[in-house]
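>>> Got a sequence here, can you model it:
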Amino acid sequence: MAEKRTRNFATVVYPESAPENWMDILNDYHVPAFVSPLHEFDVNANGVVKKAHYHVMVMYDNVKTPSQAKDFFVTIGGVGCEVVNSIRGMARYLCHLDNPEKYQYNPVEVKSFGGADYAGVVELETDRVKLIADMQEWCKANGCVSLSELYDYSRVHNYDWFRALATHCNNVMAAYLKSLKWTIEHPDEVQSCKNSVAKDPS
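Residues are numbered from 1 along each chain as shown. Here you go, the predicted structure:
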């Protein structure tokens, strides 16, 4: 029976049994891939700490058989070969983002190869909404009403905000800052509006 071909596979790499330069080998293949932070705090059900390991996911442009993916993983010291059914699900598992009962690894420490975009893959709609809420709260608390100032601050101090501004929430924040500026400059009208609402909450 022919093997089912697909594009996405995962393996586990144990540092002590992999080539010392295994990440360089992975990089030289120019295949989109993610490597998790070193999982050194995972525990078994009995509480025993697991052997330190990395999770690796590759995302081929063309379909491969599991045998072909396994042969590739052998070159980097990978143990096993798993077909990945959900790129986002597996990418998020690299840091246990959806498994609060497990140790939470830092997504910033995920290594990307071959042009793969980790933040773009793992981001959920709820994450985007929270980023916008956090930016609005910061702007209000710090009196920031300039979109360029928010960009400049984010580029240096909070790359997640900067990325969000550059990719999907520029217009939302521009409208919010314009409204916030008006609110700050017209306190009497704002108070009048609040009083009207208080008198007629319907």
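>>> going forward, measure contacts and count neighbours with C-alpha atoms only.
Fine.
>>> Find me the pLDDT at the residue nearest the centre of the chain, would you?
The chain has Ala119 as the residue nearest its centroid, 3.4 Å off, counting by Cα atoms, centre = their mean. What the model reports as pLDDT for Ala119 is 85.
>>> element containing it, please.
Using DSSP states H and E, Ala119 sits in helix 118-122.
>>> With only the CA atoms kept, save that helix in CSV.
Taking C-alpha atoms only, helix 118-122 is exported to CSV below (Å, rounded to 0.1, in the frame of the first residue of the first chain):
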residue,chain,number,x,y,z
TYR,A,118,6.3,31.5,13.7
ALA,A,119,4.3,34.5,15.0
GLY,A,120,2.1,34.6,11.9
VAL,A,121,1.4,30.8,12.3
VAL,A,122,0.5,30.7,16.0
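>>> Mind listing what's buried along the helix or strand that it is followed by?
Using DSSP H and E, the helix or strand that follows helix 118-122 in sequence is helix 125-142. Neighbour counts over helix 125-142 (16 or more other Cα atoms under 10 Å) mark 128, 131-132, 135-136, 139-140 as buried.
>>> Please apply the same query to stretch 170-182.
170, 173-174, 176-177, 180-181.
>>> Distance to Leu147 and secondary structure for these - can I get that in JSON lines?
Below are the buried residues of stretch 170-182 laid out as JSON lines (distance: Cα to Cα, whole Å; DSSP: H, G, I helix; E, B strand; the rest coil):
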{"residue": "Asn170", "distance to Leu147": "8", "secondary structure": "helix"}
{"residue": "Met173", "distance to Leu147": "7", "secondary structure": "helix"}
{"residue": "Ala174", "distance to Leu147": "6", "secondary structure": "helix"}
{"residue": "Tyr176", "distance to Leu147": "10", "secondary structure": "helix"}
{"residue": "Leu177", "distance to Leu147": "7", "secondary structure": "helix"}
{"residue": "Leu180", "distance to Leu147": "11", "secondary structure": "helix"}
{"residue": "Lys181", "distance to Leu147": "11", "secondary structure": "helix"}
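>>> Please identify which pair of those residues lies farthest apart.
Asn170 and Lys181 (16.3 Å; Cα to Cα).
>>> Tell me how many other residues crowd Val49.
If you count neighbours by other Cα atoms under 10 Å, Val49 ends up with 12.
>>> How many residues are close by the residue lying closest to it once chain neighbours are set aside?
Closest residue to Val49 apart from its sequence neighbours, by Cα to Cα, 6 or more residues apart in numbering: Val43 at 4.2 Å. Look at Val43: counted by other Cα under 10 Å, it has 14 neighbours.
>>> Surely Val43 is in contact with Lys50?
Yes. Contact criterion Cα atoms under 8 Å: Val43 and Lys50 qualify, at 5.2 Å.
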